[in-house]
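In: Show me how the following folds:
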Amino acid sequence: MFANILIGLQNAITLPALIAMNFGVFFGIVIGALPGLGVAMGVTVMLPFVFGMETNVGLLLLLGIYCGGTYGGSITAILIKTPGTEAAAVTVIDGYELTKQGKSGKALDMALIASTIGGLISAFTLLFFAPLLAHQVLRFGPPEFFSLGLFGLTIIASVSGKSVLKGLLMGILGVTLSTVGVDMISGGQRFTFDIVFLYGGLGLVPSIIGLFSVAEILLKSHTLSTAKAQAVSKLDSKMGLTRAEFKESLPAILRSSVIGTVIGAIPAAGAVIASFISYSDAKRRSKHPELFGHGSLEGVAAPEAGNNAVTASCMIPMFTLGIPGSVVAAIILGALMMNGLIPGPGLFRDHAPMVYSVMVGMIIINIFMFLQGKLLLRTFVSFTKVLPSLLMVLVLLMCLVGTFAVNNTLLDLIVLIVFALFGYVLNKLEFPLPPVVLGMVLGPLVEKTLRQSLLISDGDFSIFVTRPISIVFLLMTVLSVFFAIRRQRKLSK
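Out: Below you'll find the predicted structure:
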């Protein structure tokens, strides 16, 4: 194994590979920071260009975009309350609050450090423990996925702000919205009103951009100049984190990195779920849970470590089993197969130098991401000093162009506008928006796996309490609800 790692290192530090990784990271950060474009789109755009390259160089380019883009989504989430990627939706909660307090530099620095640590832990896990974790993933069936999704839904209590009741209502709304479209089991139509566009459901990208970005622009439009001027005037002279701030957030970063690594190895779980679970865990264990939602550095560190820890671990089931752990992993799986490489145990046996160069390259990619992030940190912060009205126009333009570019249809823009107006009203009424996103993300997973499980068991619900992994997630669900109720009672006293 160590001989293969050494060969992989030699292949990963060749000049073409280093150039590909650096360019991929830079391009990924830019794409990730542009609302609506997304990491998957960035990887897809570059896909045609990798076929003229060596296989490992092309894969490292795509993985650089993946890692850089996952981190890049936090930049606009922190600075202008516009998550560049779906996985950065949780970072908005505390990141933008820190920006309003003039601590955008610290928030960006924390996001970069947490992203790097999460990515490195995930990359080392991919390198050393891929076969072991992939073997455990084989034990996941519909009951296990249902229990995981149910546990994820309990996190709504942690992102509900002051009112858990309002958060639950928004979570139910999100789950309801996720049912729009053609029923995945029976083929029947639900809430489509005979509109063909709705057969495929409501797009998550236009929904999130409308709720978080355009709604914020509408909300701030009448006081835009004053609000942004205050935010910029509060920028602190000390851009980076202090040692004490980093030390205080380090336990949350490490725990979230482990959470993201494990979730990433589970196919279809994804970075969004990892970021929500990481945020909930950090809030529950924090010495200062009252700061969450009001500008907590731990609230930035946890989701960023969690979602970046998915980047390498989602490759574990792909390399060893041929099962992609995320959308981007599926795209890279296609790139492998187009080059005549079939993922699975035979890939390690027949193409070990290529596989290990990619796995070692993931470690190098995260180091490059940290270096580039450090070099461009002040540039990111200075972005807030742009004329407020011009900044919001540019953001709105990026939102519209990015949303249209996903499917090249004007109907996505209609969804964006509807959700923007909806988000504006909810903001005015002080309803939390993250639970809506959580419900829309987890709703399909919970519904699909529940129905599959009941089909397997012929309607017997005991299937969920007779499988060890499912029982573990159900116990975690009960504990999560218990701690949420106890915390709410303490706050109400």
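In: remind me, longest helix of the protein?
Out: Across the chain, the longest stretch assigned as helix under DSSP state H is helix 104-137.
In: and the next helix or strand after that one, average pLDDT?
Out: Where DSSP states H and E defines the elements, the next helix or strand beyond helix 104-137 is helix 142-153. Mean pLDDT, helix 142-153: 82.
In: which residues touch helix 142-153?
Out: Applying Cβ atoms under 8 Å, 6 or more residues apart in numbering, the contact partners of helix 142-153 are 171, 175, 266, 268-269, 273, 276-277, 438-439, 442, 445-446, 448-450, 452-453, 456, 463-464, 467, 469-474, 476-477, 480. Using the backbone N, CA and C atoms, a C-beta is placed for each residue, glycine as well.
In: hmm, try it at 7 Å
Out: 171, 269, 273, 276-277, 442, 445-446, 449-450, 452-453, 456, 463-464, 467, 469-470, 473-474, 476-477, 480 (Cβ atoms under 7 Å, 6 or more residues apart in numbering).
In: Inside helices: which ones of these?
Out: Filtering those for helices - DSSP H - leaves 171, 273, 276-277, 442, 445-446, 449-450, 452-453, 456, 469-470, 473-474, 476-477, 480.
In: Derive a PyMOL selection command for the buried subset of the residues you listed.
Out: This is how PyMOL selects the buried members of these, with burial counted by 16 or more other Cβ atoms under 10 Å:
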select buried, resi 171+273+276+277+442+445+446+449+450+452+453+469+470+473+474+476+477+480
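In: For the protein, which segments count as strands?
Out: 181-182, 189-190 (DSSP state E).
In: Dump those into a markdown table; add mean neighbour count, distance to Asn4 and mean pLDDT as well.
Out: Shown next, in a markdown table, are these (neighbours: other Cβ atoms under 10 Å; distance: least, Cβ to Cβ, whole Å; pLDDT from 0 to 100):
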| stretch | mean neighbour count | distance to Asn4 | mean pLDDT |
| --- | --- | --- | --- |
| strand 181-182 | 16 | 45 | 82 |
| strand 189-190 | 14 | 50 | 84 |
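In: Same list, those, but as TSV with distance to Leu153 please.
Out: Putting the strands of the chain into TSV (distance: least, Cβ to Cβ, whole Å) gives the following:
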stretch	distance to Leu153
strand 181-182	20
strand 189-190	19
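In: Quick check: which of these is nearest to Ala244?
Out: strand 181-182 (49.3 Å; Cβ to Cβ).
In: List the contacts of that closest one.
Out: 189-190, 192, 198-201.
In: just the residues you listed now: which is nearest Gly102?
Out: For the contacts of strand 181-182, the nearest to Gly102 is Gly201 (40.4 Å; Cβ to Cβ).
In: Now the closest one: phi and psi?
Out: phi 90, psi 170 (degrees, to the nearest 10).
In: hang on, it packs against Leu177?
Out: No - the pair Gly201 / Leu177 is not scored as a contact, 8.7 Å apart, by Cβ atoms under 7 Å.
In: Give me the residue ranges of the stretch 301-450 of the chain where confidence is low.
Out: The stretch 301-450 of the chain contains residues with pLDDT under 70 at 321-327, 338, 344-346, 380-391, 395, 402, 406.
In: hang on, the earlier thing: name the member of the contacts of strand 181-182 with the most neighbours.
Out: Gly201 (21 neighbours; other Cβ atoms under 10 Å).
In: Distance check, the nearest residue to that one once chain neighbours are set aside against Glu447.
Out: Counting by Cβ to Cβ, 6 or more residues apart in numbering, Gly181 is the residue found nearest to Gly201 once chain neighbours are left out, at 3.5 Å. Separation of Gly181 from Glu447 (Cβ to Cβ, to the nearest Å): 11 Å.
In: now do Ile80
Out: Taking Cβ to Cβ, one finds Ile80 at 34 Å from Glu447.
In: Please identify which of the two sits among more neighbours.
Out: Ile80 (27 against 18).
In: How confident was the prediction at the spatially closest residue to Val45 that is not a sequence neighbour?
Out: Nearest residue to Val45, sequence neighbours excluded (Cβ to Cβ, 6+ apart): Ile31, at 8.0 Å. Predicted confidence (pLDDT) for Ile31: 80.
In: still on that earlier bit, distance of the residue nearest to Gly201 relative to Leu445?
Out: Gly181 is 15 Å from Leu445, by Cβ to Cβ.
In: And Phe292, by the same measure?
Out: In terms of Cβ to Cβ, Phe292 sits 25 Å off from Leu445.
In: Could you do Ser207 as well?
Out: 16 Å.
In: Also Phe51?
Out: Phe51 is 33 Å from Leu445, by Cβ to Cβ.
In: go on, Gly295?
Out: 31 Å.
In: try Pro289
Out: Taking Cβ to Cβ, one finds Pro289 at 27 Å from Leu445.
In: go on, Leu333?
Out: From Leu333 to Leu445 the distance is 20 Å (Cβ to Cβ).
In: do the same with Ser462
Out: Taking Cβ to Cβ, one finds Ser462 at 21 Å from Leu445.
In: Over to Ile172?
Out: In terms of Cβ to Cβ, Ile172 sits 16 Å off from Leu445.
In: same thing with Ala114?
Out: 26 Å.
In: ditto for Asn308
Out: In terms of Cβ to Cβ, Asn308 sits 21 Å off from Leu445.
In: Repeat that for Pro434.
Out: When Pro434 is compared with Leu445 (using Cβ to Cβ), they lie 17 Å apart.
In: cool, and Leu6?
Out: Where Leu445 is concerned, Leu6 sits at a distance of 40 Å (Cβ to Cβ).
In: same question, Leu416
Out: From Leu416 across to Leu445, the span is 24 Å (Cβ to Cβ).
In: ok, now Thr179?
Out: Applying Cβ to Cβ to Thr179 and Leu445 gives a distance of 12 Å.
In: Next one, pLDDT for the residue nearest the centre of the chain please.
Out: With distances taken as Cα atoms, centre = their mean, the chain has Ala87 as the residue nearest its mean C-alpha position (2.1 Å). Ala87 is assigned 79 on the pLDDT scale.
In: need the contact list for it.
Out: Taking Cβ under 7 Å, 6+ apart, we find Ala87 in contact with 70, 73, 271-272, 275, 307.
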